[in-house]
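Novice: After the sequence you'll find the predicted model.
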Amino acid sequence: DAGVIQSPRHEVTEMGQEVTLRCKPISGHNSLFWYRQTMMRGLELLIYFNNNVPIDDSGMPEDRFSAKMPNASFSTLKIQPSEPRDSAVYFCASSVIGGSTEAFFGQGTRLTVV
Amino acid sequence: GESVGLHLPTLSVQEGDNSIINCAYSNSASDYFIWYKQESGKGPQFIIDIRSNMDKRQGQRVTVLLNKTVKHLSLQIAATQPGDSAVYFCAENSDSGGSNYKLTFGKGTLLTVNP
């Protein structure tokens, strides 16, 4: 298996533009997580899905952020409109539901909003 | 202006020495814990995990200790190598009710191994 695949690896966009980050979890995994990592706040859980259903989105910063998981093999995190303070590395991770297995992380998307 | 970043605890060791990285977790109901290693430019990578019904677990060159009384985890790395240089995070499953799995991360510790 290729692991969790995220795209793009790097994204530079202008303030106000829409940004879409993509994630393909590991085949067979049924939990998917979106994290944001910054120097100021470390690794923050934004939202997670079980069986494609959002379970907890309390970490989503504001209405400009939205996440979808239309099927078991694909998820998106969208920011509209983007702001400079959204600049961060965004990680997607996947796991098997059950609570006692590790989450596998993708390589991340480094987002820069100018 | 000058940016203020997250001031990570740092640990600097000599190659060949043993390293101990500590972590305090927040939720007394957490029942599953993981240590991750993150190298520059990469995503966190699993090292070792432990369930709350255990107080010690050993892997290859690594040992995790769990003290639920004081909500403390430690990661011991034996014979530390330059390739161990990274940021190390502890994570807890802070929503262990039912089948939910909410992995919450600590702030991380920067380990530097000097050759």
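Specialist: Alright, I've got the coordinates.
Novice: In the sheet, which residues pair with A:T20? Tell me.
Specialist: A:T20 has these beta-bridge partners by DSSP bridges: A:K78.
Novice: my read: it touches A:F74, true?
Specialist: No. Counting by CB atoms under 8 Å, A:T20 stays clear of A:F74, with 11.7 Å between them. To be clear about C-beta, it is placed using only N, CA and C from the backbone, and glycine gets the same treatment.
Novice: Need the pLDDT of A:I97.
Specialist: The model reports A:I97 with a pLDDT of 75.
Novice: Tell me the residues of chain A that contact chain B?
Specialist: A:4, A:31, A:33, A:35, A:38-43, A:45, A:48, A:50, A:55-56, A:91, A:93, A:95, A:97-100, A:102-108 (CB under 8 Å from any CB of the partner chain).
Novice: Among those, name the buried ones.
Specialist: Neighbour counting by 16 or more other CB atoms under 10 Å in any protein chain shown classes A:4, A:31, A:33, A:35, A:42-43, A:45, A:48, A:50, A:55-56, A:91, A:93, A:95, A:99-100, A:102-108 among the residues of chain A next to chain B as buried.
Novice: Those in strands, which ones?
Specialist: A:31, A:33, A:35, A:42-43, A:45, A:48, A:50, A:55-56, A:91, A:93, A:95, A:104-105 (DSSP state E).
Novice: Name every strand pairing with the helix or strand of chain B with the lowest mean pLDDT and say which way it goes.
Specialist: Lowest by mean pLDDT, DSSP states H and E among the helices and strands of chain B is strand B:103-105, with a mean of 86. Partners of strand B:103-105 in the sheet, by DSSP bridges, are strand B:86-93 (antiparallel).
Novice: residue ranges with poor pLDDT in chain B?
Specialist: Chain B contains residues with pLDDT under 70 at B:1-7, B:95-101.
Novice: switch to 50 and redo it
Specialist: Judged by pLDDT under 50, chain B has its weakly predicted residues at B:1-4.
Novice: Would you map the strands across it?
Specialist: So, for chain B - with DSSP E - the strands run B:10-14, B:19-24, B:32-38, B:45-51, B:56-58, B:62-67, B:72-77, B:86-93, B:103-105, B:109-114.
Novice: mind listing what's buried in the second one?
Specialist: Going by neighbour count (16+ other CB under 10 Å), the buried part of strand B:19-24 is B:19, B:21, B:23.
Novice: Output those as TSV; include the columns distance to A:P81.
Specialist: Shown next, in TSV, are the buried residues of strand B:19-24 (distance: CB to CB, whole Å):
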residue	distance to A:P81
B:S19	44
B:I21	40
B:C23	37
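Novice: I'd like to know which of those residues is nearest to chain A.
Specialist: Closest approach between the buried residues of strand B:19-24 and chain A, by CB to the nearest CB: B:C23, at 12.6 Å.
Novice: I figured the closest one hits B:L73, correct?
Specialist: Yes. Using CB under 8 Å, B:C23 makes contact with B:L73 at a distance of 4.4 Å.
Novice: what residues are shared contacts of these two?
Specialist: Common neighbours of B:C23 and B:L73 (criterion: CB atoms under 8 Å, 6 or more residues apart in numbering or on different chains): B:C90.
Novice: roughly how far apart are B:F46 and B:G108?
Specialist: Distance, B:F46 to B:G108, by CB to CB, to the nearest Å: 15 Å.
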